[in-house]
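In: A structural model of the following input is requested.
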Amino acid sequence: MTFEDAALPPALPGPVERPVVRLVGEQQPVAALYVETDGAYVGVPGVDPWDEPRDARRYAGPHPVVAHPPCQRWGRFWHGSTRKPHQYKLGDDGGCFVAALIAVKRYGGVLEHPAHSKAFDAYNIMKPEPGRGWQFDPFNGVYVCHVEQGHYGHMSRKATWLIAAGVQFRDLPDLNWTKGEQRLPEWMIERYGYEKARRIGVVAMVGGKNKTAIRNATPEPFRDLLLSIARKAHNVELSGPTAALSPEGPAQTQGSASD
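Out: Now for the predicted structure:
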């Protein structure tokens with residue numbers, strides 16, 4: 001069973017209204033949502049990993065989160081392989097992204113998705129501009145940014161968008177906001193030419209069945225940065241339209257997936 005074909009969980013609970021005692025720094029427990037069973041978050045002290053069998057859509061707090069919801073139905077090839085297009089519906093991820101967004105806004109923490117994710121349009125999240133650092137989204141009451149994981153150990157540049165909630169601006173880390181150099185070995189350029197090699201990308205040239213896992217993996221230095229953000233989050237209901245979000249699918253608003 002995959003996240004896409006799993007039945008939706010019951011409606012998520014309301015905001016946490018009782019006082020919650022929060023630890024600080026490395027002592028603060030964090031829930032890591034939508035992570036690999038044997039991935040980078042497993043075995044890290046103070047981290048509660050939610051892999052596919054646990055179904056992270058059911059997370060109900062109280063700890064802040066680092067969320068990596070599936071991105072296949074939100075990216076450039078959301079429709080499926082170019083050889084068999086229109087196999088899938090845009091945003092048909094079984095409610096994973098919206099459940100992750102609700103969890104981040106409700107319990108604090110950070111959500112990671114590929115740059116140019118169509119989920120940002122579907123849920124009216126401000127799309128961050130490269131090179132501008134953390135930018136405030138007043139509609140949702142969160143901070144967003146554009147950063148490349150290649151600066152933190154990934155073999156490709158892997159441009160990424162982050163959503164941070166429940167964190168003061170002063171507590172957000174100053175990341176490497178620069179555009180990384182294209183990572184193309186000479187043999188690729190000689191064999192395919194620069195333009196085709198750029199389109200193919202370095203990760204696509206990795207052989208074997210682990211290609212997807214390598215592409216999706218979170219480098220440990222980047223993982224630690226995300227955990228550090230979550231550990232500074234407060235367990236409060238933020239301003240913004242959290243209550244309007246539904247696990248049943250994107251809101252039918254301007255810029256939604258139905259346009």
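
In: Now the element after the lowest-mean-pLDDT helix or strand in the chain, going C-ward?
Out: None of the helices or strands of the chain scores lower by mean pLDDT, DSSP states H and E than helix 211-216, at a mean of 54. Following helix 211-216 in sequence order, the next helix or strand is helix 220-230 (DSSP states H and E).

In: Name the residues that touch that next one?
Out: In this structure, residues lying in contact with helix 220-230 by CB atoms under 8 Å, 6 or more residues apart in numbering are 28, 30, 32, 40-41, 44, 47, 64-66, 108-110, 112, 149, 152-154, 162, 164, 167, 171-173, 175, 218. Where C-beta positions appear, they are placed from N, C-alpha and C, glycine not excepted.

In: Recalculate using a threshold of 6 Å.
Out: Outside helix 220-230, the residues that touch it by CB atoms under 6 Å, 6 or more residues apart in numbering are 30, 40, 64, 66, 109, 110, 149, 152, 153, 164, 173.

In: In ChimeraX, select just the buried ones from the residues you listed.
Out: Selection of buried members from the contacts of helix 220-230 for ChimeraX, criterion 16 or more other CB atoms under 10 Å:
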select :30,40,64,66,109,110,149,152,164
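
In: What is the lowest-pLDDT residue among the contacts of helix 220-230?
Out: Lowest pLDDT among these: residue 153, with 74.

In: since we're on the closest residue to residue 36 other than its chain neighbours, how many residues are nearby?
Out: Spatial nearest neighbour of residue 36, chain neighbours left out: residue 51 (6.4 Å); criterion: CB to CB, 6 or more residues apart in numbering. Neighbours of residue 51 under the rule other CB atoms under 10 Å: 17.

In: Likewise for residue 176?
Out: Under the neighbour criterion other CB under 10 Å, residue 176 is assigned a count of 11.

In: any idea how far residue 223 is from the residue nearest to it when sequence neighbours are not counted?
Out: Of all residues not flanking residue 176 in the chain, residue 151 sits nearest, at 4.1 Å (CB to CB, 6+ apart). Residue 151 sits at a distance of 14 Å from residue 223 (criterion: CB to CB, to the nearest Å).

In: Looking at these two, which has the bigger crowd around it?
Out: Between residue 151 and residue 223, counted using other CB under 10 Å, the more crowded position is residue 223 (24 against 18).
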